[in-house]
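**Q** pasting the structure only:
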């Protein structure tokens, strides 16, 4: 172990690792900028449909999320359920949810709030239509059907 | 003093990398990479009045119907989804040539009606094709007018051009209240 002693470094010079933190910090900052926090636990499966005309949603802070899909927990069956935040919800809870979320925002931002609807491919339109109707009731008129980018052919 | 300063030992920064790695791993685990993308839709506001376009002439409206079996009916005839985009583009750019399609692009309406049993996947695909048709005709028009695609126009500096294209091809995509035709 004498080799590693500070005054015993006569034979083999220590490798300079002082730049290592810089490199790691650089990686760290890259990931901090390029990723977003995983802020909720998924309770439903959302395998997104594909589309070519998708647009990027600009501001993350101006989004409400609604998830629809079959529950991940197979004991709950395969009927698609709605998830708001971390819990299952019924269609009639959407209005309340949007109103609550809007009340936490700046009033000027409310017209720009977009609802990001993440629904699984197998979901039927009946439930989606009910959600759309609820959103119209609370005047949350900007909707985005979340879809992954498909390659145009 | 000078000699004492020389005696101060170097601060050991070796563990700095460990700390940074720890933070890095934390961020790798708690974050996701996906950027949200989606088809943007503007829902119509709820109004008490009946829709005003009920007297609209039939030829201005391209009727698209999707049934519970995910089959497509356009203007009363079955159509495969691959040809929906071309059909919609024909309708929008018809300018009175074909007597069954629209008279002018500014009046052309696309009406989308789906069943409660239609799958979301099919609906998104149909919606995507209709949006694509609008985007393509706008791109084409913008290309001949300004030599630049509509999607590439700068929203801050070329506001007037965008307005002109939008006026030429207004996105009149109406969605009827869905019906339940059964077969869920």
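**A** Sure, I can see it. It should be emphasised that the depicted structure is a prediction, and the values quoted were computed from it without experimental measurement. Numbering: from 1, shown residues only, chains lettered A, B, ... in the order given.

**Q** Chain B: helices as residue ranges?
**A** Taking DSSP state H as the test, the helices found in chain B are B:2-7, B:16-30, B:84-92, B:120-146, B:159-168.

**Q** what do you get for chain A?
**A** Going by DSSP H, chain A shows helices at A:20-34, A:94-103, A:125-137.

**Q** could those be laid out in CSV, adding mean neighbour count, distance to chain B and mean pLDDT?
**A** For glycine as for every other residue, the C-beta is placed from the backbone atoms N, C-alpha and C. Compiled in CSV, the helices of chain A are given as follows (neighbours: other Cβ atoms under 10 Å in any protein chain shown; distance: least, Cβ to the nearest Cβ, whole Å; pLDDT from 0 to 100):
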stretch, mean neighbour count, distance to chain B, mean pLDDT
helix A:20-34, 14, 4, 84
helix A:94-103, 16, 12, 90
helix A:125-137, 19, 3, 89
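
**Q** for these, which one sits closest to residue B:19?
**A** Residue B:19 sits nearest to helix A:20-34 of all the helices of chain A, at 7.8 Å, using Cβ to Cβ.

**Q** Residues contacting the closest one, please?
**A** Helix A:20-34 is contacted from outside by B:13, B:16, B:17, B:19, B:20, B:21, B:23, B:24, B:27, B:28, B:31, B:33, using Cβ atoms under 8 Å, 6 or more residues apart in numbering or on different chains.

**Q** Apply 7 Å and report the result again.
**A** Outside helix A:20-34, the residues that touch it by Cβ atoms under 7 Å, 6 or more residues apart in numbering or on different chains are B:13, B:16, B:17, B:20, B:21, B:23, B:24, B:27, B:28, B:31, B:33.

**Q** Let me know the distance separating the fifth one from chain A.
**A** Right, the one you point to is residue B:21. 6 Å (Cβ to the nearest Cβ, to the nearest Å).

**Q** ok, now which ones touch that residue?
**A** The contact partners of residue B:21, taken as Cβ under 7 Å, 6+ apart, are residue A:24.

**Q** Run through chain B and note the low-pLDDT ranges.
**A** B:1-6, B:34, B:48-56, B:177-184 (pLDDT under 70).

**Q** if you set the cut-off to 80 instead, what comes out?
**A** For chain B, the stretches flagged by pLDDT under 80 are B:1-8, B:10-14, B:31-36, B:46-59, B:96, B:99-100, B:176-184.
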